[in-house]
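Chemist: just the structure for this:
(chains A and B, ligands or ions: 1)
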Amino acid sequence: MIAVYTLLFPGLVFTAFCGMIAWWIERKLSALFQHRVGPPWYQNFIDFFKLLGKESIVPADSAIIMYSVAPLIAFASVVAFATVLGSAVFLNIEIAGDLILLLYLSSLVSTGIFLGASASANVYAAIGASREIKMLLADELVFIMVVLVPVVKSGFSFRFGAVLNTSAITSFSGVMAYILGLMCIQAKLALQPFDLPEAETELAGGVEIEYSGVLLGIWKLTKAMEFFIYPLFLSVLFFGIGKGFVGILLNVLFYILTLIILIIVKNVNPRVTIDKMLNFFWKVLSPLALIALVLALFGG
Amino acid sequence: MGVYNRILKKSLWVFHMSASPCNNCDIEVLDLLTPGYDLERFGIKLVGSIRHADVLLITGMGGCKISERVVRLYNQAPKPVFVVAVGTCPIGGATFKDSYSRCGPLDKLIPVNLYIPGCPPKPEAMIEGLLKLLGRLD
Ligand code: SF4
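Modeler: Residues are numbered from 1 along each chain as shown, chains lettered A, B, ... in the order given. As a prediction, the model looks like this:
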């Protein structure tokens, strides 16, 4: 059963499909923002299958083992994240301490990206790697405090199931934490204004610059799956799971709303510099997240 | 290769390299990405790293200094890769044909799959050319 969960339904295949579609929504909406037509809906699938057939080059002076293992670490963590999250959301299956596990897995993805980039022996990739780890340090603290708000609301339970039964968004501190959470997700997905590790125009793809062929395909698949699971995580964390048809419809709408807010913020913001980003997260967002948490503790 | 070519056709990632042009062709290439022409609807995307590229798009007459780099980039690209030469420069040198620093034409350095002549070619001509390349993949 575990193999089916991991490979098929909430895990690999399902999440990859939804992720590619979510990523397409991002590309299409961005195109519409710029008055373009944009790619067809199957574009990401085609890109992925094309990459599988290309030659995979391993640069001669890279750390070869780490270079090839790092994408798999990130990919495996994303699949595990998707399975744990999906089982709780779609199948009502819980495992002990799953919320903590999810937090841990989400930072393991960034660690995988960091390892892969620093193993590729490329200056741009090295800059991307250092930015990736700085961003992880910046957004992780805020993200943990944000996640604690629904935990407090659900009566100090670290079981995901209990969190899913309460909807924290109805309170003031919940709304505040949700908005802060959106910014953390923006940083975790490396979308503008926080796309520092990739920075297409500046670092030429940054962390992925040396990857080609199958390994690049795995990076892209990882990214597509992140596109689905992070907004899903945030939306169910704060909205809970609705009962009946109307409840589920509201859930889907709230997920789409979360995704669209992320895309709009992406399209109207330029990239910030790394010091601005660190300042913003540590000096502005962290105190706000703490305030939201304290408010939640006092029942606000 | 039939199925794979059909997939490849719908997702060509282009790496743009200028090998001593007068810069006019580069500006026209950038025009392709503006909303007026929007190549993303054909799945064509400009990428920043040669490792991601399916098409190596080269402008310019191939100066002696850059020509080593052209060969190096071609060798670094993951195969299959297609080389597209934009402008009259890579073919005949255009205004630079008698230049002391010219090591072109381009096909002396690397095999070229497609020429798009013009000085500079219009974006429409480039789209036409790229679509011809797509047609040749059948
Ligand atoms: S072909 Fe003409 S426009 Fe293009 S780079 Fe050469 S001289 Fe310039």
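Chemist: alpha carbons only for contacts and neighbour counts from here, please
Modeler: Will do.
Chemist: which parts of chain B sit against the ligand?
Modeler: For chain B, the contact set with the ligand under C-alpha under 6 Å from any ligand atom comprises B:21-25, B:59-60, B:87-89, B:94-95, B:119-120.
Chemist: 5 Å - rerun?
Modeler: Taking C-alpha under 5 Å from any ligand atom as the criterion, chain B approaches the ligand at residues B:Pro21, B:Cys22, B:Asn24, B:Cys25, B:Gly60, B:Gly87, B:Thr88, B:Cys89, B:Cys119, B:Pro120.
Chemist: which among the residues you listed end up buried?
Modeler: Neighbour-count burial (16 or more other C-alpha atoms under 10 Å in any protein chain shown) applied to the residues of chain B next to the ligand gives B:Pro21, B:Cys22, B:Cys25, B:Gly60, B:Gly87, B:Thr88, B:Cys89, B:Pro120.
Chemist: what sits closest to the fourth one if chain neighbours are left out?
Modeler: Nearest residue to B:Gly60, sequence neighbours excluded (C-alpha to C-alpha, 6 or more residues apart in numbering or on different chains): B:Pro21, at 3.5 Å.
Chemist: how about the one you found, what does it touch?
Modeler: By C-alpha atoms under 8 Å, 6 or more residues apart in numbering or on different chains, the contact set of B:Pro21 is B:Thr59, B:Gly60, B:Met61, B:Gly62, B:Cys89.
Chemist: show the subsequent helix or strand relative to the helix ranked longest in chain A.
Modeler: For chain A, the helix with the greatest residue count under DSSP state H is helix A:123-153. Once helix A:123-153 ends, the next helix or strand along the chain (criterion: DSSP states H and E) is helix A:160-165.
Chemist: can you list contacts of that following helix?
Modeler: By C-alpha under 8 Å, 6+ apart, the list of residues contacting helix A:160-165 reads A:88-89, A:92, A:94, A:97-99, A:150-151, A:153-154, A:157, A:236-241.
Chemist: kindly report the same for stretch A:91-110.
Modeler: By C-alpha under 8 Å, 6+ apart, stretch A:91-110 touches A:73-75, A:77-78, A:80-81, A:84-85, A:87-88, A:132-133, A:136, A:140, A:144, A:158-161.
Chemist: give me the buried positions along it.
Modeler: The neighbour-count check on stretch A:91-110 (16+ other C-alpha under 10 Å) flags A:Glu94, A:Asp98, A:Leu99, A:Leu102, A:Leu105, A:Ser106, A:Ser107, A:Leu108, A:Val109, A:Ser110 as buried.
Chemist: possible to save those as TSV with distance to B:Arg51, secondary structure and pLDDT?
Modeler: Rendered in TSV, the data for the buried residues of stretch A:91-110 read as follows (distance: C-alpha to C-alpha, whole Å; DSSP: H, G, I helix; E, B strand; the rest coil; pLDDT from 0 to 100):
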residue	distance to B:Arg51	secondary structure	pLDDT
A:Glu94	42	coil	77
A:Asp98	38	helix	80
A:Leu99	38	helix	83
A:Leu102	33	helix	85
A:Leu105	29	helix	88
A:Ser106	27	helix	87
A:Ser107	27	helix	87
A:Leu108	25	helix	89
A:Val109	22	helix	88
A:Ser110	22	helix	86
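Chemist: much appreciated, bye for now.
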